[in-house]
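Participant: take a look and give me a structure for this.
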Amino acid sequence: MARSNSLKSYIATRLMLAPLMLWLITSIVFLLMRSTPGDPVDALLGTRAPQAAKEALREQLGLNKSLLFQYFDYMGTLLHGDLGKSLSSQGESVWSIIQDHFPATVELTIFSLAIAVVVGVFVGALGASRPNTIWDIGGRLFGIITYAIPLFWFGMVLQLVFSVWWGWFPLGTRFPTTLTPPESITGLYTLDSLMRGDFSKFATALYYLVLPAASLGILISGVFERIVRVNLKQALQAEYVDAAKARGISNSTILWNHAFRNTLIPVVTILGLTLAAMLGGAILTEVTFSWPGLGSRLYKAIGQRDYPTVQGIVVFFAAIVALASIAIDVINAYIDPRIRY
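Facilitator: Below is the predicted model:
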């Protein structure tokens, strides 16, 4: 009973902190957008538009009101689940923009994360199983380099080598303009084409995914490489490993069936947080490869001073990260009671 009450109290505390975090993020974004140089009216009408037209549009959008009034007005609509309407898309709702662009971001994130996990786990396990060798040193360098390389620069290098020089992959976009995309079911082109049984379009969608997914996935893989290498080294030094060796169990069996399983616990924890962070942090990859995802749309909205769109997308991403963080904390607290105290 005490354990159950402790877990319920921990979950309740985390759930109460989530709205506070979202409110702080929303408030900061609201203030930052209005403190940066530039006027959304000038972005919509141009700097040479008549002053009367500018004032009329500013009044129509509510930008002529005080900052405090705008803040409470936005918070009021947000509490009702309304993210507002875009200033630059002829009054299109922000929810509609999210629904149109988020599937592309999800698809890119899933494939990037798959590459990151496979590459990171393989390199980390290879280095940990061969300590103080060239494989171990190479794994460390791999983790440092992938952490230090700018994402946009790495993406442009891949474009230069594999698209411009060798011509193996397209420079960007999600699907060729000469073909009709798969009929939407989930919004994920690869999944939709498989569900329709159209393997030709599946191959095309996958072909356009390779470079952007590899660009993001390889750089993120360094996170998993470091976690696997450190935790697997510690696991291989545990007493149960020595006992397994004394019983004559092969090194490969000890590595994968015993030590590696214990290493997966922190990997799964990081996996959830990384997935949530990548959903909101794929902006540079999407912009570099002209990928029509939500990050690319956010970048465009920032340039247009589209306050409601920027605020709505940031709140949406923040909510995803908050929910993922709560879910992971709850799972960890259920597994390990020490986390609750």
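Participant: which stretches of the stretch 201-341 of the chain have low pLDDT?
Facilitator: Across the stretch 201-341 of the chain, the ranges flagged by pLDDT under 70 are 238, 240-242, 251-252, 254-265, 268, 273, 276-277, 280-281, 331-341.
Participant: could you find the closest non-adjacent residue to Pro131?
Facilitator: Lys233 (6.6 Å; C-beta to C-beta, 6 or more residues apart in numbering). C-beta here means a position set from N, CA and C on the backbone, and glycine is covered the same way.
Participant: could you measure from the one you found over to Phe122?
Facilitator: Lys233 sits 16 Å away from Phe122, taking C-beta to C-beta, to the nearest Å as the criterion.
Participant: helices of the stretch 201-341 of the chain, start to end?
Facilitator: 239-246, 251-253, 260-281, 283-288, 294-303, 307-335 (DSSP state H, counting those that start in this stretch).
Participant: please identify the buried residues of the longest one?
Facilitator: Using 16 or more other C-beta atoms under 10 Å as the test for burial, helix 307-335 gives 307-322, 324-325, 328-330, 332-333.
Participant: wait, doesn't Ile218 sit right on Ile149?
Facilitator: No. Using C-beta atoms under 8 Å, Ile218 makes no contact with Ile149, being 9.1 Å away.
Participant: for stretch 182-197, C-alpha coordinates in PDB please.
Facilitator: Output in PDB follows, covering the C-alpha atoms of stretch 182-197 (Å, rounded to 0.1, in the frame of the first residue of the first chain):
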ATOM      1  CA  PRO A 182       0.600   8.100 -51.700                       C
ATOM      2  CA  GLU A 183      -3.100   8.600 -50.700                       C
ATOM      3  CA  SER A 184      -3.000   9.800 -47.100                       C
ATOM      4  CA  ILE A 185      -4.000   7.500 -44.300                       C
ATOM      5  CA  THR A 186      -1.500   8.300 -41.600                       C
ATOM      6  CA  GLY A 187       0.400  11.000 -43.400                       C
ATOM      7  CA  LEU A 188       3.600   8.900 -43.400                       C
ATOM      8  CA  TYR A 189       4.400   8.300 -47.100                       C
ATOM      9  CA  THR A 190       6.300   5.000 -46.400                       C
ATOM     10  CA  LEU A 191       3.600   3.600 -44.200                       C
ATOM     11  CA  ASP A 192       0.700   4.800 -46.400                       C
ATOM     12  CA  SER A 193       2.300   3.300 -49.600                       C
ATOM     13  CA  LEU A 194       2.700  -0.100 -47.800                       C
ATOM     14  CA  MET A 195      -0.900   0.000 -46.600                       C
ATOM     15  CA  ARG A 196      -2.000   0.600 -50.100                       C
ATOM     16  CA  GLY A 197       0.300  -2.100 -51.500                       C
END
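Participant: now that stretch: buried residues?
Facilitator: For stretch 182-197, a neighbour-count test (16+ other C-beta under 10 Å) marks 182, 187-194 as buried.
Participant: kindly report the same for stretch 128-135.
Facilitator: In stretch 128-135, counting by 16+ other C-beta under 10 Å, buried: 128-129.
Participant: let the chain start at 31 from now.
Facilitator: Taking 31 as the first residue, the last one we looked at is stretch 158-165.
Participant: what does that stretch rub up against?
Facilitator: Outside of stretch 158-165, the residues within contact range by C-beta atoms under 8 Å, 6 or more residues apart in numbering are 156-157, 166, 169, 258-260, 262-263, 266, 281, 285.
Participant: mean confidence for that stretch?
Facilitator: Averaged across stretch 158-165, the pLDDT comes to 84.
Participant: show me how far that stretch is from its chain's centre.
Facilitator: 31 Å (C-alpha atoms, centre = their mean, to the nearest Å).
Participant: and for stretch 82-98?
Facilitator: Stretch 82-98 has its C-alpha centroid displaced from the chain centroid by 35 Å (C-alpha atoms, centre = their mean).
Participant: quick one: contacts of it?
Facilitator: Contacts for stretch 82-98 (C-beta under 8 Å, 6+ apart): 64, 70-72, 74-75, 100, 103, 117.
Participant: may I see these arranged in a markdown table, with pLDDT, neighbour count and secondary structure as well?
Facilitator: Formatted as a markdown table, the contacts of stretch 82-98 follow (pLDDT from 0 to 100; neighbours: other C-beta atoms under 10 Å; DSSP: H, G, I helix; E, B strand; the rest coil):
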| residue | pLDDT | neighbour count | secondary structure |
| --- | --- | --- | --- |
| Arg64 | 78 | 14 | helix |
| Pro70 | 75 | 20 | helix |
| Val71 | 75 | 22 | helix |
| Asp72 | 74 | 13 | helix |
| Leu74 | 71 | 16 | helix |
| Leu75 | 72 | 16 | helix |
| Gln100 | 84 | 17 | helix |
| Asp103 | 85 | 13 | helix |
| Leu117 | 79 | 23 | coil |
